[in-house]
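>>> Structural data only, the sequence is not supplied:
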């Protein structure tokens, strides 16, 4: 399992569900997430689509922030 928070100014879509800033996204092996720019609260262009294998908590992509509590466990 990998977990990331959505950063301010962004939204994420995982399993068809939209996640706003500050919301925790939980991914299981084989899943993916799409990250969108959301300036001023308005969803814009997709800035990245990432598979579980591509995501690394030590170097999260733009728009996602590592869940340090989970990484420390």
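It's in. Quick caveat, the model's predicted, so the values are computed rather than measured.
>>> How about the contacts made by the residue lying closest to residue 23 once chain neighbours are set aside?
For residue 23, ignoring the flanking residues on the chain, the nearest one in space by Cβ to Cβ, 6 or more residues apart in numbering is residue 6 at 5.3 Å. Placement of C-beta: from N, CA and C, glycine included. Residues touching residue 6, when contacts are defined by Cβ atoms under 8 Å, 6 or more residues apart in numbering, comprise 12, 19, 20, 21, 22, 23, 25, 35, 63, 64, 65.
>>> how close does the last one get to residue 30?
The one in question is residue 65. Spatial separation of residue 65 from residue 30 under the definition Cβ to Cβ, to the nearest Å is 23 Å.
>>> With neighbour numbers in mind, choose between these two.
Taking residue 65 and residue 30 together and counting by other Cβ atoms under 10 Å, residue 65 has the greater number of neighbours (16 against 8).
>>> Next one: the spatially most central residue of the chain from residue 1, what distance?
Closest to where the C-alpha atoms of the chain average out (Cα atoms, centre = their mean) is residue 64, at 4.3 Å. Distance, residue 64 to residue 1, using Cβ to Cβ: 15 Å.
>>> Repeat that for residue 17.
If you measure residue 17 against residue 1 using Cβ to Cβ, the figure is 17 Å.
>>> cool, and residue 15?
Taking Cβ to Cβ as the measure, residue 15 and residue 1 are separated by 14 Å.
>>> next one: residue 60
According to Cβ to Cβ, residue 60 stands 15 Å off from residue 1.
>>> what bits of this structure have low per-residue confidence?
70-73 (pLDDT under 70).
>>> Just the strands from the chain, written as ranges.
Counting by DSSP state E, the chain has strands at residues 2-6, 10-14, 17-19, 24-27, 32-37, 46-51, 64-66.
>>> returning to what we had before: what bridges to the residue nearest to the centre of the chain?
Taking DSSP bridges as the rule, residue 64 bridges to residue 6.
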